[in-house]
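Chemist: here's my sequence, what's the structure:
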Amino acid sequence: MQLRPEALDAHLQKELAPLYVITSDEHLLLLEAADKIREAARKHGCTEREILTVERSFKWGELQAANSAMSLFGDKKLIELRIPTGRPGKEGSQALQHYAAELHPDNVTLITLPKLDWATQKSAWVSALQKAAVYIDIPVVERAQLGGWIASRLQSQKQSADTKSIEFLVNRVEGNLLAAHQEIRKLGLLYPEGRLDFEQIRDAVLNVARYDVFKLNEAMLTGNTSRFVRMMEGLKGEGEPLPLVLWAITEEIRMLLRLQTGIAQGQAAGPLMKSLRIWGPREKLLTTALRRLRGETLRQALQQAAQVDKIVKGLRVDTLVDDAWDALLQLGLTITQSGTKNA
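Modeler: As a prediction, the model looks like this:
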């Protein structure tokens, strides 16, 4: 049974299922959901807890043994199976299918996984778990949802803030939900219930944003110059490898050029994107970028990328900018600041 994350509390108040599966890349939200299930299991008499982690030396027989073994005191047992890679392998796939088909009535099992890719979601072992378990897929909190998430968390501790203050928080904690949670909790300890002003939040909150090199492309494609510059500064300060940042930006430019070329040759945008394995939020981002970027701009950007690559490698180039990070910033600004419609 598929269960929305926000419906977990109501579900646990009514019943406790023998098998739960949580999949997410948001470690904070996964941990919170798992804690709720653990608490419910204790209330239902699961006084013993056994934790199994699937590592290289893990033997899948341990899972079946844990399920079959009686509790030392005859009580119910909570079995936690953690699969950090999200890939159990052939033996694990078969073991999970068998396990899902023969659940022990006196045990509660909690399986935690990272976000599964599209191909893995279609595998036999995932299908078996989805049929037998209460299956909870917790999505990543993207920047667009982060402001609402912060406001909701503040409300839960009977505090609130205006839009300016929320945006300030978003800029400081973007990409690091655990840090966002900690900063919100800190506000609850520092200040009384009620409305917080900007100065209170500014004085209390640290700059704990952890920028993701692949989120950098989102700022670039949407033309959000201030966010792009801030993320570049963050990546530089965190020591992100320059070649990786350059590769991420360059691949996006190449993809935009491929799309423009295909569309110019008469291909429909939708099928073309599917053939290039572009879908979901990224399809929307690229579509928006294509509306404002000309082919000439993209070709110039690709030439710039080649120059940046030479600077990164320490080669002499004829350019006014010889610092690799500055050159990379100028490359990204070529995309973010271009607002001309496609020809």
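Chemist: in the protein, where's the longest helix?
Modeler: helix 242-264 (DSSP state H).
Chemist: buried set for that helix?
Modeler: By neighbour count, with 16 or more other C-beta atoms under 10 Å as the criterion, the buried positions of helix 242-264 are 242, 245-246, 248-250, 252-253, 255-257, 259-260, 262. Just so you know, the C-beta spots here come from the backbone N, C-alpha and C atoms, and that holds for glycine as well.
Chemist: how about residues contacting that helix?
Modeler: The contact list for helix 242-264, computed with C-beta atoms under 8 Å, 6 or more residues apart in numbering, reads 213-214, 216-217, 220-221, 232, 235, 269, 272-273, 276, 278, 286, 289-290, 293, 295, 298-299, 301-302, 305, 308-309, 312, 324-325, 328, 331-332, 335, 342.
Chemist: in ChimeraX, how would I select the buried members of these?
Modeler: Buried residues within those, by 16+ other C-beta under 10 Å, are selected in ChimeraX with:
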select :213,216,217,220,221,232,235,272,273,278,286,289,290,293,298,301,305,308,309,312,324,325,328,331,332,335
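Chemist: check which element follows the longest helix of the chain along the chain.
Modeler: On the C-terminal side of helix 242-264, the nearest following helix or strand under DSSP states H and E is helix 269-275.
Chemist: and that following helix, how far out from the chain middle?
Modeler: Relative to the mean C-alpha coordinate of its chain, helix 269-275 is positioned 24 Å out (C-alpha atoms, centre = their mean, to the nearest Å).
Chemist: then stretch 177-187?
Modeler: How far stretch 177-187 lies from its chain's middle: 17 Å, per C-alpha atoms, centre = their mean.
Chemist: before we move on, what about stretch 75-84?
Modeler: Between the mean C-alpha point of stretch 75-84 and the mean C-alpha point of its chain there is a distance of 25 Å (C-alpha atoms, centre = their mean).
Chemist: same deal with stretch 286-294?
Modeler: With C-alpha atoms, centre = their mean as the basis, the mean position of stretch 286-294 lies at 25 Å from the chain mean.
Chemist: using PDB, list the CA coordinates for it.
Modeler: Output in PDB follows, covering the C-alpha atoms of stretch 286-294 (Å, rounded to 0.1, in the frame of the first residue of the first chain):
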ATOM      1  CA  LEU A 286      15.100  23.000 -20.200                       C
ATOM      2  CA  THR A 287      11.800  24.000 -21.900                       C
ATOM      3  CA  THR A 288      11.900  27.400 -20.100                       C
ATOM      4  CA  ALA A 289      15.600  27.900 -20.900                       C
ATOM      5  CA  LEU A 290      15.000  27.100 -24.600                       C
ATOM      6  CA  ARG A 291      12.400  29.900 -24.900                       C
ATOM      7  CA  ARG A 292      14.900  32.600 -23.900                       C
ATOM      8  CA  LEU A 293      18.200  31.300 -25.200                       C
ATOM      9  CA  ARG A 294      19.400  31.700 -28.800                       C
END
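Chemist: give me the buried positions along stretch 167-175.
Modeler: The neighbour-count check on stretch 167-175 (16+ other C-beta under 10 Å) flags Phe168, Leu169, Val170, Asn171, Arg172, Val173, Glu174, Gly175 as buried.
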